[in-house]
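**Q** Requesting a structural model of the entry that follows:
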Amino acid sequence: MKLAVRLQLSTMMFLEFFVWGAWFVTMGTFLLNHLHTSGTQVGVAYLTQSIGAIIAPFIVGLIADRFMAAQLILGILHLIGAMLLWLAGSSADFESFYPLLLIYMILYMPTLALVNAISFRQMDDPAKKFPAIRVWGTIGWIIAGLTIGWLGWEKAGTLSLTFKMAAVASGLLGLLSFTLPNTPPLKKKEKVSVGELLGLDALRLLKQRSFLLFFLSSVAICIPLAFYYNFTNPFLNEAGMSSAAGKQSLGQMSELLFMLLMPLFFSRLGVKKMLALGMLAWVIRYIFFAFGNVDANYWMLIGGIVLHGICYDFFFVTGQIYTDARAGEQFKSAAQGLITLATYGVGMLIGYLISGPIVDAWQLADGTHNWQAIWLIPAGIALLVLLLFLLLFNDRKYDAGSQK
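**A** Sure, this is the predicted structure:
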């Protein structure tokens, strides 16, 4: 890969996840404290991510795999997204905020598949080369969190500025996208079915038993993940942790480290062990949160945050590489959209629907929450998914040694 292309892809990944991390981590605190919503409304707001992820495969399959170059649609989506983010940051109540967020997430979620597809098309060995590019997305998320902590927006009650910061970054990425390596559609058949136009041909992957089990596991493990995205920042602020958003960036620092080590882990562990370790880290993380505090067990809070590196890299990034290998050349973008649907779509949809009411159910009379009871619920779900995955999943072709 040429140095210029590497720099372009790295900058793309940096901005892609800076935009997301700039507002997503602290949105729960913003909604609870600034717009005075309930926990259920926080869950409904985060639910927009799942709606966008469910629609993403259709946008990617219809346009990026068939009619328009991936980098062009990436640019268009981010320019529109910049305007929506700016307006969302200026909202005075949840009723005006929610529609803007919903439209934005419908446009943003397809870009996660697009940046992967653009990157993979420039690589002859994604298992070895993709982590070095993807790691810049992690760095972008870290910088966003550290910036929020450094500027003290949580303490000052000015988290609306996070949306405007994200809007500026989204505009920059939109413009940059038009300069990215050309990634034209792979398919050029004159006659196609409606299913192919909608990107549904990627569903053929589900006929493979191993991929079907991976798909179902992806759905299930993202149910407890929704608790983390929704309520970690409100939990840490309620527990008394200062600059919580900045501390949460330790999770992305851990993610960065493990991202760089992924080629080594891939060759030694293989797909199944990588995915299983990611799930196990989720179980441990939620147990740490359940029993952690800002006093004697402060290390548990930090440990739960730092485990994010293993949680994310070993499952999500491994899953993206595994999906790319399974998809073949015919529907790369649609396959990435499919796995986005499974994880950020269906799985988190269920998680967002149940997490808000659970948090509300464990709210105490003084407005605080019984966080120990809350965190033990996703811990139990993650443990059950891990055990079922270990018993049922097997794919020798793409396991240890096959990715070397």
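**Q** what's near enough to touch Leu146?
**A** The contact partners of Leu146, taken as CB atoms under 8 Å, 6 or more residues apart in numbering, are 246, 249. Bear in mind the C-beta positions are built from the backbone N, C-alpha and C, glycine included.
**Q** Which of the helices or strands spans it?
**A** Element membership for Leu146 (DSSP states H and E) is helix 126-151.
**Q** next one: Thr340
**A** For Thr340, the element it lies in under DSSP H and E is helix 332-340.
**Q** Double-check that Ala296 belongs to a helix.
**A** No - judged by DSSP: H, G, I helix; E, B strand; the rest coil, Ala296 forms no part of a helix; its state is coil.
**Q** now it: how far from Leu173?
**A** When distance is defined by CB to CB, to the nearest Å, Ala296 is 43 Å away from Leu173.
**Q** neighbour count winner among the two?
**A** Leu173 (28 against 8; other CB atoms under 10 Å).
**Q** Could you point out the helix or strand that follows the helix holding Thr340?
**A** Under the assignment DSSP H and E, the closest C-terminal helix or strand after helix 332-340 is helix 348-361.
**Q** For that next one, what is the distance to the chain centroid?
**A** Using CA atoms, centre = their mean, to the nearest Å, the distance from the centre of helix 348-361 to the centre of the chain it belongs to is 18 Å.
**Q** same deal with stretch 125-136?
**A** Worked out by CA atoms, centre = their mean, stretch 125-136 lies 17 Å from the chain centre.
**Q** Could you pull out the buried residues of it?
**A** 126-136 (16 or more other CB atoms under 10 Å).
**Q** May I have it as PDB, with CA atoms only?
**A** Extracted as PDB, the C-alpha positions of stretch 125-136 are listed here (Å, rounded to 0.1, in the frame of the first residue of the first chain):
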ATOM      1  CA  ASP A 125      -4.100  -9.100   3.300                       C
ATOM      2  CA  PRO A 126      -6.700  -7.400   5.500                       C
ATOM      3  CA  ALA A 127      -6.000  -9.600   8.500                       C
ATOM      4  CA  LYS A 128      -2.500  -8.100   8.700                       C
ATOM      5  CA  LYS A 129      -3.000  -4.600   7.300                       C
ATOM      6  CA  PHE A 130      -6.500  -3.600   8.400                       C
ATOM      7  CA  PRO A 131      -5.700  -3.200  12.200                       C
ATOM      8  CA  ALA A 132      -2.900  -0.700  11.500                       C
ATOM      9  CA  ILE A 133      -5.500   1.500   9.600                       C
ATOM     10  CA  ARG A 134      -8.400   0.800  12.000                       C
ATOM     11  CA  VAL A 135      -6.300   1.800  15.000                       C
ATOM     12  CA  TRP A 136      -6.600   5.400  13.900                       C
END
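**Q** shift numbering so it begins at 21
**A** Sounds good: first residue 21 from here, last item stretch 145-156.
**Q** List the contacts of that stretch.
**A** Contact with stretch 145-156 is made by 21, 26, 29-31, 33-34, 139-140, 143, 276, 279-280, 282-283, 286, 337, 340-341, 344-345, 423, as judged by CB under 8 Å, 6+ apart.
**Q** quick one: which of the residues you listed sit in helices?
**A** Secondary structure of those is defined by DSSP state H; positions in helices are 26, 29-31, 33-34, 139-140, 276, 279-280, 282-283, 286, 340-341, 344-345.
**Q** you'd agree Thr68 is up against Leu127?
**A** No - under the criterion of CB atoms under 8 Å, Thr68 is not in contact with Leu127, lying 10.8 Å apart.
**Q** Return the helix or strand in the chain with minimum mean pLDDT.
**A** helix 214-217 (a mean of 52; mean pLDDT, DSSP states H and E).
**Q** Tell me the first helix or strand C-terminal of that helix.
**A** Helices and strands here follow DSSP H and E; after helix 214-217, the next one along the chain is helix 229-259.
**Q** Buried residues in that following helix, which are they?
**A** Residues 230-231, 233-259 are the ones in helix 229-259 that count as buried (16+ other CB under 10 Å).
**Q** And the residue lying closest to Gly371 once chain neighbours are set aside, how close does it get to Gln228?
**A** Nearest residue to Gly371 in three dimensions, chain neighbours excluded: Ala246, at 2.5 Å (CB to CB, 6 or more residues apart in numbering). Taking CB to CB as the measure, Ala246 and Gln228 are separated by 27 Å.
**Q** Let me see the ranges of the strands in the stretch 21-170 of the chain.
**A** Taking DSSP state E, counting those that start in this stretch as the criterion, the stretch 21-170 of the chain carries no strands.
**Q** pLDDT score assigned to Met21?
**A** Met21 is assigned 67 on the pLDDT scale.
**Q** Please read the previous query as pertaining to Ala102.
**A** In the predicted model, Ala102 carries a pLDDT score of 96.
**Q** where does the residue nearest the centre of the chain land on pLDDT?
**A** When CA atoms, centre = their mean is applied to the chain, the residue found nearest the centroid is Tyr364 (6.5 Å). Confidence at Tyr364, expressed as pLDDT, is 76.
**Q** Roughly how far does it sit from Leu107?
**A** For Tyr364, the distance to Leu107 equals 23 Å [CB to CB].
**Q** do the same with Phe150
**A** Separation of Phe150 from Leu107 (CB to CB): 34 Å.
**Q** what does Thr46 give?
**A** Relative to Leu107, Thr46 is positioned 18 Å away (CB to CB).
**Q** Mind pulling up the pLDDT for Leu218?
**A** Among the per-residue scores, Leu218 holds a pLDDT of 47.
**Q** How about Lys352?
**A** Lys352 carries a pLDDT value of 60.
**Q** One more: the one 4 residues further on?
**A** pLDDT for Gln356: 68.
**Q** if I pick Thr158, what's in contact with it?
**A** 37, 272, 275-276, 279.
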